[in-house]
Structure formats: C-alpha cells, structure tokens
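K.L.:
coordinates only, no sequence provided:
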C-alpha cells in the first residue's frame, strides 16, 4: 500500500503527497500521487477556493482572468515571438555546451540530426527514450504555459446562445477563441519540441561519455543497469537544460502571476548550471571569455573602426550599454554610418547574473549606505524580473518615461505631440510582444 509506505519512509514522503479529500478531484481525492502531479493539480484546482487558500492564493490563482491573460502574454513573448526562438536556441546551445566535454560542433550536429529525424517522421531511439523518461514534460512550454483548452466550456456557451438573437455572434466569437487557442497551442508545442531536443542530445551525450569512460556499451548492460544509466542521463539532461517542474512553490506562484517574475525560473536554474559547468568543463568557458575581444577585433577589421572610434562610442553611447556586461560592438555600421552595438547577454545563461552584479555594485556609494542598499535591492529585483510582467512594466515605464529593461527613454525630449503618441504606442506594443 503506497499510503503506508509514504508514511513510513521519509524519502518517499518527499516524493509523494496526498491529494485533498475533495470531490472536485474525483477518484484521486485522498490518494497519494507524485509531488509534481500534486503541485499541478492543486495549483489549477484549489487556487479558486477561497475557503481553503485565502486571499493571497486567490490573487495568484491561475484561473483568474488577469493570470490567464498573463499566460497569453508569455505565449506572445516566447512561442509566438521569433527573436525569442533565436535567443533561447543559442541559450540552450550554451547550456548544452558547458554541461559536456564534447565539442560544441558535435553537439550542434546531434541537435540538427534529432530535429531532422523527428520532422521526417522517424524519431530516433534517443528521442523515444527521452520521451519515456518524461524530458519533454519538464520544458518551459509544458510547465510555464497553461493553455486551457476546454471544449466542454465552449459547447456550454454555444448551448446557452441557442434561441438568442445574437447567438451567431456568440458562436463565432467562441470559435475564434478556439482558433487562437489552437495557434497558440501549436506554436507552444513546437517550441517545447525544440527544447526537448536539447534535452534528448544531453541525455544521448551523457551515455556516450559514460561508454567511453567505462569501456562498455549501453546494450551490453543488464536491463536493470540500462534503466539505471538512462535515469542518470535523464537527470543530467534536466539539470543541464532545466527541469521547469522542479521549483519551490513560491517561484511556481510568482512566475504565473501578473505581478511576479514571469521568467525567473531560467535565472534561478542558470546559476547552479553554470557553476556545475565551470567545475566539470572549465575549458568550455575559454571561447566565451574571448568573445568580447573577438568582436572588437572584427569590428576594427571588417567595420573599419579604430580604437578612438571604439572609445568614443562607449563614452557617448546610451546609458543601457554601460549597465550591461555583454554588450559588444557589431562589425558593421547602420545606413547612416553610425556604429552599432548588441547585447549578447541574452544569449548566455550567466548574462543576467553578471548584469545583476555590475548594476548592484554600481549602485553602492559608501557615503550613503542606506540609500545605496535600497537602490541595490531595487536593482536586484529588476534584474531578476520581479514586476516584469506587461502591466507593472507599462505602469513603471509610463511614469518614469523609461523602459524598465533597457533603460532607454520612451519619448525623447522636444518631440511634437504626434511623435510623443507614436513613440508611446510603439513602446506599449513592444512591451506586449518583444
């Protein structure tokens, strides 16, 4: 009996939890389930019960309209946003790279092989093994995006609309909502498959490294030993490319709330992943350390720039450039002959932490320790993404006339009224989609 085992075994007690004895859970009420299943079920069901969870849980309830809208904003920011695909692809490549002694070229080739095989309808053995170990169920897409496809609810609305003069409008609106949900679902699924591909390669590479080190093959092991090795490989993959289901409750609530930190999980998981990578594969960091020098050399060679140009650009550049650690000058100019820079920190998993350190250190002033501490705390919160959802960002940005992420002015001084409106609307649109 699982209930008796859980009560007697402290290890199992950490792995399983009892579902509340409430009829809303149906046949699972009162039963023990895996902790990750318990968290998901209680988050999505009990959150709407005032008597059980109180006002705070009600505010963070995923079924609130505001939080559902927040989920659609995250869909627009990630699965439906092409730049996010590029950023996260390179980010996952970096994470995969530092987690393994295998050279990055070979790892990239393995990723491409898995993608080609999947979309040709011939999933690899490793893809199927990754799916069996649940790696595709621990991605950002499955754990942080909640698209509730309730066909029964749509059918109920259509039934209620029968006999009403405006029924066709209700029906069409309902069907339009369904189409939007399907588009979001498809984009989210493909995005999740891409992330799962990196986990598949991480698992595959782990076993390959084990075979080299031990002089054995997976096939030569007993069935029990094979499963043990594959479990270890799956754990390694989840540590390398992140298990978005394995987070504390406060983070689970905060990342789905309109006033929380929508993308905090990545930053939270990146720190230990980078530390592990540096401890196990320090040689992998050499090329990343050389990147700023390589970019500067390319700019001076290809872009016909000299050291004086570089120094003047850094000195006169916008404020956000001096606040970031991963800003590099591009080796080409814009159409007006101006030098350009790009923040590569978005592509590197340690970027947010480096920016946090630089910003916090810059805020510190020995002559005013109290104010400096307060300012530093605010900077830490901003860099970690607290109040990073669309609504808090818009309110703060409009009040300060400054983008909370880039530090850029929303409306430049001296512009006309129409230009002010255009700049503001353009920035609001950016808040929602980019």
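P.N.:
All right, it came through fine. These figures come from a predicted structure and were not determined experimentally.
K.L.:
which SS state does the nearest residue to residue 420 once chain neighbours are set aside fall under?
P.N.:
The shortest distance from residue 420 to any non-neighbouring residue, by C-beta to C-beta, 6 or more residues apart in numbering, is to residue 411 (5.0 Å). The C-beta positions use only the backbone N, C-alpha and C, and glycine is treated the same way. Of the three states, residue 411 takes coil under DSSP: H, G, I helix; E, B strand; the rest coil.
K.L.:
now residue 411: how far from residue 423?
P.N.:
From residue 411 across to residue 423, the span is 5 Å (C-beta to C-beta, to the nearest Å).
K.L.:
residue 344: neighbour count?
P.N.:
19 (other C-beta atoms under 10 Å).
K.L.:
could you check how far it is from residue 108?
P.N.:
In terms of C-beta to C-beta, residue 344 sits 18 Å off from residue 108.
K.L.:
and for residue 92?
P.N.:
As judged by C-beta to C-beta, residue 92 and residue 108 stand 11 Å apart.
K.L.:
who has more neighbours, the two?
P.N.:
The neighbour comparison of residue 92 against residue 108 (other C-beta under 10 Å) goes to residue 92, with 22 against 14.
K.L.:
assumed that one was part of a strand.
P.N.:
No - Residue 92 is assigned helix when assessed by three-state DSSP, not a strand.
K.L.:
for it, give me its contacts.
P.N.:
195, 198, 241 (C-beta atoms under 8 Å, 6 or more residues apart in numbering).
K.L.:
and stretch 88-107, what's buried?
P.N.:
Of the residues in stretch 88-107, 88-89, 91-100, 102, 107 count as buried by neighbour count, 16 or more other C-beta atoms under 10 Å.
K.L.:
now do the end-to-end distance for that stretch.
P.N.:
16 Å (C-alpha to C-alpha, to the nearest Å).
K.L.:
quick one: distance of it to the chain centre.
P.N.:
Offset of stretch 88-107 from its chain centre (C-alpha atoms, centre = their mean, to the nearest Å): 17 Å.
K.L.:
and if you look at stretch 214-226?
P.N.:
Mean-position distance between stretch 214-226 and its chain equals 35 Å (C-alpha atoms, centre = their mean).
K.L.:
now do that stretch: everything it contacts.
P.N.:
207, 211, 229-230.
K.L.:
which pair of those spans the longest distance?
P.N.:
Spatial extent of the contacts of stretch 214-226 (C-beta to C-beta) is set by the pair 211 and 230 at 12.6 Å.
K.L.:
of those two, which one has the most company?
P.N.:
Between residue 211 and residue 230, counted using other C-beta under 10 Å, the more crowded position is residue 230 (20 against 16).
K.L.:
which ones are touching that one?
P.N.:
Residues in contact with residue 230 (C-beta under 8 Å, 6+ apart) are 129, 133, 203, 207, 218.
K.L.:
what pLDDT does it get?
P.N.:
The model reports residue 230 with a pLDDT of 94.
K.L.:
how about stretch 73-92: buried residues?
P.N.:
By 16+ other C-beta under 10 Å, the buried positions in stretch 73-92 come out as 73-81, 84-85, 88-89, 91-92.
K.L.:
circling back: how about the contacts made by the residue nearest to residue 420?
P.N.:
Contacts of residue 411 (C-beta under 8 Å, 6+ apart): 401, 419-420, 423-424.
K.L.:
ok, 6 Å please
P.N.:
Going by C-beta atoms under 6 Å, 6 or more residues apart in numbering, residue 411 touches 401, 420, 423.
K.L.:
show me where the stretch 301-434 of the chain has its helices.
P.N.:
Taking DSSP state H, counting those that start in this stretch, the helices of the stretch 301-434 of the chain run over residues 307-316, 319-323, 351-363, 369-383, 390-400, 417-433.
K.L.:
relative to residue 319, how far out is the residue nearest to residue 420?
P.N.:
Separation of residue 411 from residue 319 (C-beta to C-beta): 16 Å.
K.L.:
what's the answer for residue 242, then?
P.N.:
If you measure residue 242 against residue 319 using C-beta to C-beta, the figure is 32 Å.
K.L.:
quick one: the helices in the stretch 1-150 of the chain?
P.N.:
Going by DSSP H, counting those that start in this stretch, the stretch 1-150 of the chain shows helices at 2-8, 10-15, 35-45, 50-60, 65-77, 82-98, 104-119, 125-132, 140-144.
K.L.:
now the weakest link among those, please, by mean pLDDT.
P.N.:
Note on the helices of the stretch 1-150 of the chain: helix 50-60 shows the lowest mean pLDDT, a mean of 48.
K.L.:
if we can go back for a sec, okay, residue 242 and residue 319: which has more neighbours?
P.N.:
Between residue 242 and residue 319, counting by other C-beta under 10 Å, residue 242 is the more crowded of the two (27 against 11).
K.L.:
dihedrals phi and psi, that one?
P.N.:
phi 80, psi 130 (degrees, to the nearest 10).
K.L.:
my read: it touches residue 269, true?
P.N.:
Yes - contact criterion C-beta atoms under 6 Å: residue 242 and residue 269 qualify, at 4.3 Å.
K.L.:
could you give the angle of the helix of greatest length in the chain to helix 125-132?
P.N.:
Of all segments of type helix in the chain, defined using DSSP state H, the longest is helix 167-214. For helix 167-214 against helix 125-132, the angle between stretch directions is 120 degrees (axes from the mean of the first three to the mean of the last three C-alpha atoms, to 10 degrees).
K.L.:
and the next helix or strand past helix 167-214?
P.N.:
Sequence order places helix 223-241 as the next helix or strand after helix 167-214, per DSSP states H and E.
K.L.:
picking up where we left off before, which of the helices of the stretch 301-434 of the chain comes out lowest on mean pLDDT?
P.N.:
With a mean of 60, helix 369-383 has the lowest mean pLDDT of the helices of the stretch 301-434 of the chain.
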